[in-house]
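Novice: Predicted model and sequence below, questions to follow.
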Amino acid sequence: MLENFEFNFMKQSIEKKLESSEANFQKLKFLEELCLKELREKFKKAEVYLVGGAVRDFLLKREVKDFDFVIRNVEGKDLEEFLSKFGQVNLVGKTFGVLKFTPKNWLDEPIDFALPRKEHAFGTGGYRDFEVQSEPRLPIEEDLSRRDFTINAIALAIKEKSETKKQNLEFQLIDPFNGRKDLENKIIRAVGKPEERFKEDYSRMLRAIRFACQLDFSIEEKTWQAIVKNISHLNDVHQEVTMVSETVYAEPEVLESRVVPYEVIAKEFLKSFYYQPVKALDLYEKSGALKELIPELLKLKNCPQPENFHSEGDVWVHTRLALEKLFSLEFKRQFGDEPPSTELIMAVLFHDLGKPETIKTPEKDGTDRIRFDEHDIVGAKIAKQICERLKLSSPENFGVDPEKIAWLVQHHMLLVQGDITEMRPTTIEKYFFNPNVPGENLLKLAFVDISATIPSQGKPDYSSFYQMMKRIEELKQLSASKKELPKSLLNGYEIMKEFNLKPGPKIGELLNILREEQLSGRIKEKEEAIIFLKKILNPKS
């Protein structure tokens, strides 16, 4: 399918666009003036195509962050030599034949330039387990046919209009798989036969889910059925027999490696949950991906809760509702419009993992009601194990810290484990003013946990949350800025010097006692702190 449309860069003669769309045009204008026009002039038969996700986002009027170009009828060495005049060029492995081009004064991600390529998959479903062959004269339609989904198999030919001297460009949309129609209908559809596409690379199944969440699209039925059928292959392994020694009696060693590395799984998993956590949870559960990757989460299903506290349902329903509450109006009113971090989303997803492992019921255990003693501690261990197993810390930008997630899960019950009005100021400082722990995310986790806890009569009880917020604000009032806690009146070195003391545990005890007095508002000046410590060290004086 070919479709012509024009854009005049000089006159900006288009109707009002979204800001991101305007930015895309300006970047294309920059690249056209920098090198694309000269490329076509130098190589008379050269054809320039914007391809893949860049075209998808261009048509959706989303900001294009990764510009990918395919250049026909130019040899690879000639293209590399040409681009090097305008910026830095790096070849990304001979296997893939992609040039990473960073123009001078370019602030975005490097731009991909490649020749048309065709691939031969080895049929293992392994990530990048295929052979790539570049062919300068390969039709662009064949290059597009090797791509995963129709919405990513669209090209935009960039040509200069010959009938005018003005700086006009003519764009020609090349869409052999009707990807633009699927964009309009918000559908994720595999190119060709879905099962064949997934057997070429099983990670594409998670990629389909990620696009469905990122773009808020639905997955086409045949594509979905192929995902459900093949999802168990996510855990396939390669086996390679090697000889560790050349001696006659040496035993061969069998080395195993994952067909789909956890690092790839982690990237798709975290992106899906970042964009739409509830939709991601539903798609991962219905596709069977949770069963293959995080079976621990499925134990939340049919795990009962005391109805007087949790009329919303079992632990699964509660967890799903908590994820939903991250985007509620109440949450935004309390914490602002900034989207929740990936670490917070993972903490919400994992916060009650310990309940199925610790449940006690009146029928089986003789308890007064359903109880989950120490589920926070047990859940933290399970959450950390999952994060480490799936290598969730590995993806750039989206990676999470397993230690922080485990900390959040372990302390998510803090607000209901005692009387907040009686909590020591130093305890509040430890959890909510300590730069080494995610205190703000702990407040957010507590808020959505409360929001998703629906008593049998009445609405969620936020009293403990607002009590903590009040205590936090009262402590902030002690500083001049009213935004953070005041600095300690004395440090350990000053105490040792003032009272001629040696280093040891005693110094830490004195610092804690003094800090408690300061945050309680009973001591405000350095001189008062010295007098206070004198009374402690010499009570009879």
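Specialist: Looks like it came in fine.
Novice: Would you check that residue 272 makes contact with residue 280?
Specialist: Yes: using CB atoms under 8 Å, residue 272 is in contact with residue 280, at 4.0 Å. Any C-beta I mention is one placed from the backbone N, CA and C, and that applies to glycine too.
Novice: Touching both of those two, which residues are there?
Specialist: Residues within reach of residue 272 and of residue 280 at once, by CB atoms under 8 Å, 6 or more residues apart in numbering, are 209, 213.
Novice: Now do the same contact list for residue 478.
Specialist: Contacts for residue 478 were tallied using CB under 8 Å, 6+ apart; they are 485, 486, 518, 519, 521.
Novice: three-state assignment of residue 41?
Specialist: helix (DSSP: H, G, I helix; E, B strand; the rest coil).
Novice: how far away is residue 349 from residue 400?
Specialist: Going from residue 349 to residue 400 by CB to CB, to the nearest Å gives 11 Å.
Novice: domain parsing for the protein?
Specialist: 2-185, 297-476, 492-537 (automatic domain parsing).
Novice: What's the mean pLDDT across the shortest one?
Specialist: For domain 492-537, mean pLDDT rounds to 93.
Novice: thinking again about what came up before, of the contacts of residue 478, just say which sits nearest to residue 527.
Specialist: Residue 527 lies nearest to residue 518 out of the contacts of residue 478, by CB to CB, at 13.0 Å.
Novice: who does the closest residue to residue 114 other than its chain neighbours bridge with?
Specialist: Nearest residue to residue 114, sequence neighbours excluded (CB to CB, 6 or more residues apart in numbering): residue 98, at 4.7 Å. On the basis of DSSP bridges, residue 98 is bridged to residue 92, residue 114.
Novice: Offset the numbering so it begins at 33, please.
Specialist: Got it, the first residue is 33 from now on, which makes the last one we talked about residue 130.
Novice: now residue 130: how far from residue 121?
Specialist: Using CB to CB, one obtains 11 Å as the distance from residue 130 to residue 121.
Novice: Hmm, residue 251 and residue 218 touching each other?
Specialist: No: counting by CB under 8 Å, residue 218 does not reach residue 251; the two are 10.4 Å apart.
Novice: Any idea how many residues pack against residue 468?
Specialist: By other CB atoms under 10 Å, 8 other residues sit near residue 468.
Novice: After the host helix or strand of residue 241, which helix or strand is next?
Specialist: Under the criterion of DSSP states H and E, residue 241 resides in helix 235-247. For helix 235-247, the succeeding helix or strand toward the C-terminus, using DSSP H and E, is strand 250-251.
Novice: helices or strands up against the helix holding residue 241?
Specialist: Applying 3 or more CB pairs under 8 Å, 6 or more residues apart in numbering; DSSP states H and E, one finds that helix 235-247 makes contact with strand 219-220, helix 226-232, strand 250-251, helix 253-262, helix 294-307, helix 309-319, helix 321-325.
Novice: Generate JSON lines for these, with mean neighbour count, distance to residue 481 and mean pLDDT as supplementary columns.
Specialist: JSON lines is the format used below for these (neighbours: other CB atoms under 10 Å; distance: least, CB to CB, whole Å; pLDDT from 0 to 100):
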{"stretch": "strand 219-220", "mean neighbour count": "22", "distance to residue 481": "32", "mean pLDDT": "98"}
{"stretch": "helix 226-232", "mean neighbour count": "20", "distance to residue 481": "37", "mean pLDDT": "95"}
{"stretch": "strand 250-251", "mean neighbour count": "19", "distance to residue 481": "30", "mean pLDDT": "98"}
{"stretch": "helix 253-262", "mean neighbour count": "18", "distance to residue 481": "32", "mean pLDDT": "98"}
{"stretch": "helix 294-307", "mean neighbour count": "22", "distance to residue 481": "17", "mean pLDDT": "97"}
{"stretch": "helix 309-319", "mean neighbour count": "20", "distance to residue 481": "14", "mean pLDDT": "98"}
{"stretch": "helix 321-325", "mean neighbour count": "18", "distance to residue 481": "21", "mean pLDDT": "98"}
